[in-house]
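1. Sequence and predicted structure below; questions after.
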Amino acid sequence: MRCAPNPNGPWHVGHARMPAVIGTYRDRYDGWFCVRFDDTDPETKRPDLEAYDDILEDLDYLGFEPDATYKASDRLETYYDHARELIELGGAYTCSCSGEDFSELKNSGEACPHREKDTETVLAEFEAMIDGEYDSGEMVLRVKTDIEHKNPALRDWVAFRMIDTPHPREEASEYRCWPMLDFQSGVDDHLIGITHIIRGIDLQDSAKRQQFVYDYFDWEYPEVIHWGHVQLDDYDVKMSTSTISELIDEGKLDGWDDPRAPTLKSLRRRGIRGEAIVDAMTKLGTSTTDVDLAMSSIYANNRDLIDDETDRHFLVRDGVQLPLGGSPPDEANPPLHPNHEDRGVREIPASDAVLLEEGDLPGREERIWLKGLGCFQYTRDTLQYTGDDIDVVREGDVDVIHWVPADESVPVRMRTMDGDVSGHAEPGVADLEPDEMVQFERVGFARIDRHDEDETVVYYAHP
RNA sequence: GCUCCGAUGGUGUAGUCCGGCCAAUCAUAUUGCCCUCUCACGGCAAUGACCAGGGUUCGAAUCCCUGUCGGAGCACCA
């Protein structure tokens, strides 16, 4: 099987579907898959030189290593050879009609005058195309299919055209005569030995088009499945490489790993495992209808993977400070993980005042339970320690909330899909290594990104 | 306009090929209860779907027709 990306940028989440499915199938059935960069348009779909490695990196994040990697722009001579052979077989002709003229003829099912040229002329003109003797738009090589085919999309399609703009890859920069996707991909799939192809419904007609070439060469066409588009819920940003790229250029996103961007680099930075994405994608199946992927299903998968090993901590967002009174304990020791007491406890000093989230502020005379510390009653603008037993919580009389000490907490900037949130975390968070996952109790899972001088930056993953 | 394809709960999916075991599977989401120093995990339960109409048949999610809705192609893009 193959994954044939256009290297025009790092992958968005939707791109993960192909490797997820073919990679899973390969592993399950002892198969084989390659990545082939279909980079045969140096102009309209101009490849981004960094994207080749970006994509392989994204693939690695998802947990797959391709069995082989190709670049179509390395293989021009191969395509030329097959084109020559196709001409010899009478299956292609050079054509100098303008696009509009040909389109009109085609729509009325009429052949253009170039269709009946003799093989020698076609061969000579094709060589001239390869040598770059025509400018863009002057000459193309068409595959001779069936000019009266009932589906106009299949009638004598273009196999090669001239492009003046040099390819960005130095190795390919001298070529001016470039194959179209249907020719390049069709030839490559056979040569590489692809047995099964999955592609989007936008390429529904590709197999039918390529079948004409396969017939000339007497090749057998691989099994092919078409699937619909994937849409993601939860994002404001459209899942499109060009849209994301523009937003980055305009400064509206920080980069491909901005938490607001629906990219794999972003999910990775948020601490979501590639496996969680792969599982969600695989469960989508391969139906031809468009499907909506709920981010919550990726989150559910990820929670399954990380919940057990992720320690708990407190983070108070936009804290409001309240003084403590009544001689409470001077330190709280909640467990690192409620299901694993053996991992030990946290040490959170309780000083003269605490920070609470605004939504958790108690009403007058109301009691609250500061998790790990004890019961307090809000009296005269102070949280008075009441010394109540934990039973008041078990009986459901008192709400349990999280908190941090006012003077010994770690300033945190939490980056989320909806923008940055500032807050304060318990002291132990300063000692966590970058890349570690935490669960901020009653807030959600997050990945420690880095400790800057004045704040710790974390990326929010999911609830 | 021409040519293809598709339609099962909020979302995804199984079942459709070879009609009965489907008063429709599983997951996720939502809600409620249990557990718990109220997150998460775990346990239990509830809500919720065969696009519409005809036809064939003893029997239709499944086969046929029509309609509706949706998607795609008709590029010198991939």
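-> Received the coordinates, thanks.
2. Give me the nearest residue to whatever residue of chain A ends up closest to RNA strand B, chain neighbours excluded.
-> Nearest residue of chain A to RNA strand B (CB to the nearest atom of the strand) works out as residue A:399 at 1.8 Å. In short, each C-beta sits where N, CA and C put it, glycine included. The shortest distance from residue A:399 to any non-neighbouring residue, by CB to CB, 6 or more residues apart in numbering, is to residue A:368 (5.5 Å).
3. what about the helix or strand hosting the one you found and RNA strand B, touching?
-> Following DSSP states H and E, one finds residue A:368 within strand A:367-370. Yes. Against RNA strand B, strand A:367-370 shows contacts by CB under 7 Å from any atom of the strand at A:368, A:369.
4. Direction included, what does that strand pair up with?
-> strand A:374-379 (antiparallel), strand A:399-401 (parallel) (DSSP bridges).
5. ok, back up a step: what is the neighbour count of the residue of chain A closest to RNA strand B?
-> Around residue A:399 there are 12 other residues, counting by other CB atoms under 10 Å.
6. List the residues that contact it.
-> Residues near residue A:399 by CB atoms under 8 Å, 6 or more residues apart in numbering: A:360, A:362, A:368, A:369.
7. For stretch A:10-24, list every residue counted as buried.
-> Going by neighbour count (16 or more other CB atoms under 10 Å), the buried part of stretch A:10-24 is A:10-24.
8. likewise stretch A:189-209?
-> Under 16+ other CB under 10 Å, the buried positions of stretch A:189-209 are A:189, A:190, A:194, A:197, A:198, A:199, A:200, A:203, A:206, A:207, A:209.
9. and if you look at stretch A:39-52?
-> Neighbour counts over stretch A:39-52 (16+ other CB under 10 Å) mark A:39, A:40, A:41, A:42, A:47, A:48, A:51, A:52 as buried.
10. Span of that stretch from start to end?
-> Using CA to CA, to the nearest Å, the end-to-end distance of stretch A:39-52 comes out at 10 Å.
11. so who does the nearest residue in space to residue A:91 that is not next to it in sequence touch?
-> Once flanking residues are discounted, residue A:91 sits nearest to residue A:216: 4.0 Å by CB to CB, 6+ apart. Shown in contact with residue A:216 (CB under 8 Å, 6+ apart): A:86, A:89, A:91.
12. Tell me the secondary structure at the nearest residue to the second one once chain neighbours are set aside.
-> So the one you mean is residue A:89. The shortest distance from residue A:89 to any non-neighbouring residue, by CB to CB, 6+ apart, is to residue A:216 (4.9 Å). Residue A:216 carries the three-state label helix when classified by DSSP: H, G, I helix; E, B strand; the rest coil.
13. how far away is residue A:216 from residue A:82?
-> 10 Å (CB to CB, to the nearest Å).
14. Report the beta-bridge partner residues of residue A:367.
-> Beta-bridge pairing for residue A:367 (DSSP bridges): residue A:377.
15. pretty sure it is touching residue A:387, no?
-> No. Using CB atoms under 8 Å, residue A:367 is not in contact with residue A:387, being 11.4 Å away.
16. Who has more neighbours out of the two?
-> residue A:367 (19 against 12).
17. Do you know the pLDDT at the more buried one?
-> At residue A:367, the model reports a pLDDT of 91.
18. re the thing from before, most neighbours among the contacts of residue A:399, please name it.
-> Highest neighbour count within the contacts of residue A:399: residue A:368, with 22 neighbours (other CB under 10 Å).
19. which ones are touching it?
-> Taking CB under 8 Å, 6+ apart, we find residue A:368 in contact with A:360, A:362, A:375, A:376, A:378, A:383, A:398, A:399, A:400, A:401.
20. Quick one: these as TSV, columns for pLDDT too.
-> Shown next, in TSV, are the contacts of residue A:368 (pLDDT from 0 to 100):
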residue	pLDDT
A:360	92
A:362	91
A:375	93
A:376	94
A:378	93
A:383	94
A:398	89
A:399	90
A:400	93
A:401	94
